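Visitor: sharing a sequence plus its predicted fold:
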Amino acid sequence: MELIKSLKEASLLKNLLIAILGSVLLAVSAKIKIPFYPVPMTMQTFVVLLIGVSLGWKLGLFTVTLYLAEGIAGLPVFAGTPEKGIGIIYFTGPTMGYLIGFMVAVYLSGFFKFDNNFFKNFVRLLFSVSFIYLLGLIWLGSLIGWEKPIFKLGAQPFLLAELFKISLLALIVPKILRFRKI
């Protein structure tokens, strides 16, 4: 009985460490801007999907929730922090819908069963990431008004870069799956 308790504690500690490292990776991905036309891209959506594929939906969702909690608590982990504010003030700004969408995307990408088929993996990842944009656009429209060109402001500039990131991840999914089996 003591051995089982000890193994559970070790597993819990291991998962907590993985989640902390995942949240750090997500924070770093928010800060690195890659020049891309028409606007620079971060690798956040890539990392959200990577976390889901790599860790599964439970640990992936915990990792992204931890990241969001860190940001809400005031740690400068979000893309526009600290220069555009921190904590709950930043969280409830224009990007809140996208940030909440991270939880749906990581859940879906962690829930799907991936394989070696690039096309099927691409479609699953595209479906997962679409919720980031859907929730982001809904929140953005509610915040700044639906009469504004919401899609043009909140999604269109990022779509080419998003297709690139999804393609890249769909290519490496088989390698991730092999790594998970080790």
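Guide: Great, that's in hand.

Visitor: give the buried residues for the host helix or strand of Y67.
Guide: Secondary structure from DSSP states H and E places Y67 in helix 44-72. The neighbour-count check on helix 44-72 (16 or more other C-beta atoms under 10 Å) flags 44-56, 59-64, 66-68, 70-72 as buried. From N, CA and C alone the C-beta is placed, and that goes for glycine too.

Visitor: least trustworthy helix or strand in this structure by mean pLDDT?
Guide: Across the helices and strands of the chain, the lowest-confidence element by mean pLDDT, DSSP states H and E is helix 2-31, at a mean of 88.

Visitor: quick one: list the elements packing against that one.
Guide: Using 3 or more C-beta pairs under 8 Å, 6 or more residues apart in numbering; DSSP states H and E, the elements in contact with helix 2-31 are helix 44-72.

Visitor: what mean pLDDT does the helix it packs on have?
Guide: Helix 44-72 shows an average pLDDT of 97 in the prediction.

Visitor: that helix relative to helix 2-31, how many degrees between them?
Guide: Using axes from the mean of the first three to the mean of the last three C-alpha atoms, to 10 degrees, the interaxial angle of helix 44-72 with respect to helix 2-31 works out to 110 degrees.

Visitor: which residues touch the spatially most central residue of the chain?
Guide: Averaging the C-alpha coordinates of the chain gives a centre point, and the residue nearest to it by C-alpha atoms, centre = their mean is V48 (2.4 Å). Contact criterion C-beta atoms under 8 Å, 6 or more residues apart in numbering gives L26, V64, F102, A105, V106, S109, V129, I132 as the residues in contact with V48.

Visitor: next one: N121
Guide: Counted by C-beta under 8 Å, 6+ apart, N121 has contacts F114, D115, L169, A170, V173.

Visitor: buried set for stretch 135-142?
Guide: Going by neighbour count (16+ other C-beta under 10 Å), the buried part of stretch 135-142 is L135, G136, L137, I138, W139, L140, G141.

Visitor: my bad, should have said stretch 150-159
Guide: I150, G154, A155, F158.
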